[in-house]
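Colleague: sequence first, then the predicted structure, then my questions.
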Amino acid sequence: MRNPDLCSGCGSCGHVCPFENNVLSDGQTELKGETCISCGHCAAACQQVAIRVPAIDEGMGEYKTLIADRRWLPHGHYDIVGLVRLMASRRSCRNFIDRPVDHWMLADLVKIGITAPSGTNSQKWTFTIVPTRTAVTVLAHHIASFYKKLNSMAEKTFLRTALKLIGKAELDNYYRQYYPIVRKAIEEWEGSGKDKLFHGATAAIIVGSKPGATCPAEDALLATQNILLAAHSMGLGSCLIGFAVSAIKRAPGIKQAMDIPSDETVYAVIALGYPNESYETVAGRKKIALRYFEG
């Protein structure tokens with residue numbers, strides 16, 4: 001929506017619109033075209049605050065645990081050394097203290113997460129907050145139940161062999177790669193209560209996507225990375241729980257138990273809490289081979 005009384009006709013909105021919906025006419029900007037993905041570029045570029053995008057909820061840019069600076073940061077105007085240090089310092093935390101995470105902090109993490117880009121700005125990502133240690137434990141029980149059943153199947157040699165013979169080697173691969181560590185983790189969970197899945201985390205966020213997104217997995221994982229970095233900045237530890245994602249994808253009952261709609265797909269489960277670990281330096285990475293294509 002455009003306020004013609006405020007519009008100066010500078011054309012900034014048209015310059016950044018992906019679909020060229022804003023055009024100059026007689027010194028004023030006119031809205032043309034039927035395609036709009038509500039990206040907000042036009043409103044963000046307008047110096048006169050003459051444009052409002054109805055689909056955008058301004059409350060998503062307001063936080064309870066921090067005061068956000070809404071001014072746009074120009075390209076090249078950030079401390080790249082500090083950014084790299086933050087990214088390299090964030091480690092997967094597998095030791096948490098028994099301290100709850102504030103509900104508002106979890107909500108703010110989601111808001112920070114959705115500052116990520118999404119394909120055609122669909123923003124069809126979904127977030128299920130698991131806010132307490134009790135709730136995390138309930139989720140862990142559902143996941144452990146799935147793996148107990150999977151282990152029971154994997155223990156049957158004839159079943160693994162038969163499936164492998166017809167080209168379905170997934171169960172045999174699971175048995176060889178994961179069965180021993182999963183069995184040990186379940187035994188410890190049921191015996192002493194030791195949590196080898198969520199590592200004692202006192203909260204979690206499940207990141208998924210509704211149907212219809214052009215790049216659902218990419219969208220969800222980009223938002224996830226934002227959450228991981230923001231969590232470290234807030235003093236929290238985080239860890240991606242891949243075993244939980246696999247279980248939720250294969251056992252629809254887990255989504256039902258968590259009140260997650262059946263048509264949503266889960267792409268990440270983030271364990272969160274206050275860390276009980278520290279490091280002296282950042283960790284390195286394996287060497288990669290750079291590839292260039294110069295046309």
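Modeller: Received the coordinates, thanks.
Colleague: where along this structure do the helices fall?
Modeller: 12-16, 41-45, 80-89, 103-113, 133-154, 157-165, 170-177, 179-191, 216-233, 242-250, 252-257 (DSSP state H).
Colleague: which one of those lies closest to Ala271?
Modeller: Minimum separation from Ala271 across these (CB to CB) falls at helix 133-154, 7.6 Å. (Glycine included, C-beta is placed from N, CA and C.)
Colleague: hmm, who's touching the closest one?
Modeller: Helix 133-154 has contacts (CB atoms under 8 Å, 6 or more residues apart in numbering) with 98, 100, 130, 159-160, 171, 174-175, 179, 182-183, 186, 189-190, 195, 197-198, 200-204, 243-244, 247-248, 250-251, 253-254, 257-258, 271.
Colleague: repeat that for stretch 245-262.
Modeller: Here stretch 245-262 makes contact (CB under 8 Å, 6+ apart) with 126, 128, 130, 138-139, 142-143, 146-147, 206, 208, 210, 264-269.
Colleague: and if you look at stretch 280-290?
Modeller: With CB under 8 Å, 6+ apart as the criterion, stretch 280-290 contacts Arg85, Ala88, Ser89, Arg91.
Colleague: gap between the two ends of that stretch?
Modeller: 29 Å (CA to CA, to the nearest Å).
Colleague: ok, stretch 280-292 next?
Modeller: Terminal residues of stretch 280-292 lie 35 Å apart, using CA to CA.
Colleague: cool, stretch 47-64 as well?
Modeller: Chord length of stretch 47-64, first to last residue, is 27 Å (CA to CA).
Colleague: what's the spacing between that stretch and its chain's center?
Modeller: On the basis of CA atoms, centre = their mean, to the nearest Å, stretch 47-64 sits 22 Å off its chain's mean C-alpha point.
Colleague: same deal with stretch 154-172?
Modeller: With CA atoms, centre = their mean as the basis, stretch 154-172 stands 34 Å off its chain's centre.
Colleague: good, wrapping up.
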